[in-house]
Structure formats: C-alpha cells, structure tokens
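> got a sequence here, can you model it:
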Amino acid sequence: MKIFGNHRRMGKKPGGEAPPERKPKSWLSQEEDDLTPERGLWQDPQETISHYYRWIWEYLAYLPLLGDVKRESKILEIGCSHGRTSRGLLHYLRSPGGYCGFDVDPAQVAEATKRITSRSAGFRYIHADVFHRQYNPSGTIAAKDYVFPFEDAFFDCVFAASVFTHLLPEETERYFRETRRVLKAGGKALFSFFIRDFYQGPGTTISPRYEFDRDYKDDPDVGVKFPEYPDAVIAYRESRIREYAQSAGFVVRRIVPGLWSNSPGLAVNEQDLVVLAG
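Just a heads-up that it's a prediction; the model follows:
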C-alpha cells in the first residue's frame, strides 16, 4: 500500500519574497504566512499567535523525545486538524518515512492538503466521516465502530493531540485497539489526555473549562464539565487509561503531567501526555 508520495523540499514560491508592504503579517515571511491558516479555521480563533505556534514546535520535540520518531519514521496522527502539529515535521521527516493524518472535519482536511501536501507529497490528510456532535454532526460512522483505513503494523508512531479529551469511553477504547493494530511491533503511541487524578477541584485549574466535577453516567473514572455535552471536554482516571491500554495490547511507558491542572512538579504541554509501547 503506497501512502506517502515523494518528499519535496519546501522552497520559495516563484518570484521569491513578497515586498514588505504586501505581507499579510509583517513578522512572517510569505512562505510562513502561506502555511498559516486563516483564524477562522483555528481551534480557537481568539487564541494568540504564540499559542498557535506552540502546537507546532512542542510536538516536533515530543515526537522524537517521547515517541522515538526518527527522520525516516512513518507517522499517523489521529485528529490532524488543519495540520497544526504536522507542519513542524515538514523539515524533519524524509523518505522512506512520511506522515498521514485523519480528521472528522472535512474543511480542516482540505486546508491541510492545500497548504502542506502541496509542498510535500510525503504528507497526506484523510477525511474520516465519523460522527462528532461538535466537529462533524453529519458524519455517517460512529466513532466506536470506526476502522482506521490502514493495513496492520504499518506505522512507527501514532499520536493524538487533544483528541481523547473529546472521546467517550467506548470511542476511546476503540481508538486504542485500532492504534495498536496499525502500529508496528515496538512502536510508540503518544496521546494527550486530561487525567482526572490530577484534578484538585473547582478554581484550581488554569481555565474554568478544565473542571471535571461531574461523573459521566455515574462512572467515577470518567469526569465531564458538561453532562449534557460530555464530549465537549472529558477526563479519565489513570487506572481507566491503563485498563484500555492493557486490553489493546499496550504497555504504559510514561505519563507526563500537563499545565492544565496546576499540579506541582514537572509539567509539559497544556494537557497530560501518555506514552504507550506496542
């Protein structure tokens, strides 16, 4: 199965740099600006440019350091959005490696394809017509039934940035199993979560959005902010994550706390990072 095309080096568009007065953002080169989606496609159009960039450069560090991603690795991203994390890998990955991502939002997939695949055929984006109340309400496939459209044992690393924070338990369990199926033996998975064990109560987190006082369907291992819309933001206890991992055939190698909970000690990213080994 041929997933990745040939890599092409990023370069200036014909004609070189645009004159300064024509640059949409004076601090960005034309090439860099062309790789930045319009704010309306950002996950939060009100976020700062620094918050936008942190996704790019943080995951470029996490994937080699925690996911053992090498320059020739084959990578799958669950929930690729408009390419916000894959963009940082453009100069890193090279043949025979490559990147593939899928997302439930067709507009985001089209945006990633337009901006990134046009520069490197080694980067591919796929629309998964999976139902999600917020991101794909017309989707025809239930997430708990979704089969990743890839052959067994193909990828060296699978990662998901802020995806399991929006998946319900039966969906999370399914995605763990599908990840293990498409991952090579010895490969790594890197998933971000809100881990409920780190939650210390109302008013203790970096944002009121990250409060998990309500149980999901009377399940103390799963906490939600909005019971009527549980997939808006959801947290899992570490024991439940380990249960799903073991059932899928994973070993939990490391859990790194995030900044969201304001817990003392080491913290990275905004969410907690879970490293799994196949």
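> list of residues touching the strand or helix carrying Tyr175?
Here Tyr175, judged by DSSP states H and E, is contained in helix 169-182. For helix 169-182, contacts defined as C-beta atoms under 8 Å, 6 or more residues apart in numbering pick out 76, 78, 143-148, 150-155, 158, 160, 163-164, 167, 189, 216, 219, 222, 236, 240, 244-245, 247-250, 276, 278. Where you see a C-beta, it was placed from the backbone N, CA and C, and this is true even at glycine.
> looking at the residues you listed, which are in strands?
Among those, the members found in strands (DSSP state E) are Leu76, Ile78, Phe155, Val158, Ala160, Ala189, Tyr216, Asp219, Val222, Tyr236, Leu276.
> okay if I get those residues as a markdown table plus neighbour count, pLDDT and distance to Ser207?
As requested, these are exported to a markdown table (neighbours: other C-beta atoms under 10 Å; pLDDT from 0 to 100; distance: C-beta to C-beta, whole Å):
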| residue | neighbour count | pLDDT | distance to Ser207 |
| --- | --- | --- | --- |
| Leu76 | 25 | 98 | 29 |
| Ile78 | 21 | 98 | 24 |
| Phe155 | 26 | 98 | 33 |
| Val158 | 29 | 98 | 28 |
| Ala160 | 23 | 98 | 21 |
| Ala189 | 26 | 98 | 26 |
| Tyr216 | 19 | 98 | 20 |
| Asp219 | 13 | 98 | 24 |
| Val222 | 21 | 98 | 20 |
| Tyr236 | 28 | 98 | 18 |
| Leu276 | 26 | 98 | 27 |
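> so which of these is the closest to His127?
Distances from His127 to the ones in strands among the contacts of helix 169-182, taken as C-beta to C-beta, are shortest for Ile78 (13.3 Å).
> and the closest residue to that closest one other than its chain neighbours, how far is that from Ile141?
The spatial neighbour of Ile78 that comes closest, neighbours along the chain excluded (C-beta to C-beta, 6 or more residues apart in numbering), is Ala160 at 4.0 Å. Ala160 sits 18 Å away from Ile141, going by C-beta to C-beta, to the nearest Å.
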